[in-house]
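[1] What follows is a predicted structure for the sequence shown.
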Amino acid sequence: MHSAIKMLNSHIRILHHHLVSIQKAPYDHSLLQQISSLIRRLPAIDSSRFQDDFLMEYNDTLLMTYLATITKCSNTMNELVDKFNTTYDKQNWRGGRSTFI
């Protein structure tokens with residue numbers, strides 16, 4: 001989503017620089033009509049529907065990030081418990097102690 005917005009921003013800047021550069025040149029009316037059509041579509045992103053969709057997408061992305069972090073932490077804890085169990089199993093073999101978990 002971030003890269004798409006970044007690309008849209010760069011395209012808008014290119015259009016802006018093009019319009020500034022052609023102010024002194026003769027106009028190409030078909031190109032100006034296409035640019036005008038594109039610019040008229042941009043205010044649609046200020047609608048409440050866009051805001052709702054954007055926030056839902058943002059929240060879903062955050063949720064996936066949190067779940068990935070929790071999964072990674074759980075995996076790390078599982079590896080730590082396995083190491084403790086391995087260590088205590090070796091001591092149990094030698095000294096008679098029980099396993100950690």
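    On my side now, so go ahead. Residues are numbered from 1 along each chain as shown.

[2] Domains of this protein: list them as residue ranges, please.
    The record's domain parsing of the chain by automatic domain parsing lists 1-46, 51-101.

[3] Now the worst-scoring helix or strand of the chain on mean pLDDT: buried residues?
    Across the helices and strands of the chain, the lowest-confidence element by mean pLDDT, DSSP states H and E is helix 29-41, at a mean of 76. Neighbour counts over helix 29-41 (16 or more other CB atoms under 10 Å) mark no residue as buried. Where you see a C-beta, it was placed from the backbone N, CA and C, and this is true even at glycine.

[4] ok, Lys51 - how many residues close by?
    Just to correct that, residue 51 is Gln rather than Lys. Close neighbours of Gln51, defined as other CB atoms under 10 Å, add up to 11.

[5] Report all helices and strands that the least confident helix or strand of the chain contacts.
    helix 2-21 (3 or more CB pairs under 8 Å, 6 or more residues apart in numbering; DSSP states H and E).

[6] Regarding Tyr27, what is its secondary structure?
    Under the three-state scheme (DSSP: H, G, I helix; E, B strand; the rest coil), Tyr27 adopts coil.

[7] Got the phi and psi for it?
    According to degrees, to the nearest 10, the main-chain angles of Tyr27 amount to phi -80, psi 140.

[8] gap between it and Ile39?
    16 Å (CB to CB, to the nearest Å).

[9] so the least confident helix or strand of the chain versus helix 2-21, what angle?
    Per axes from the mean of the first three to the mean of the last three CA atoms, to 10 degrees, the angle that helix 29-41 makes with helix 2-21 is 140 degrees.
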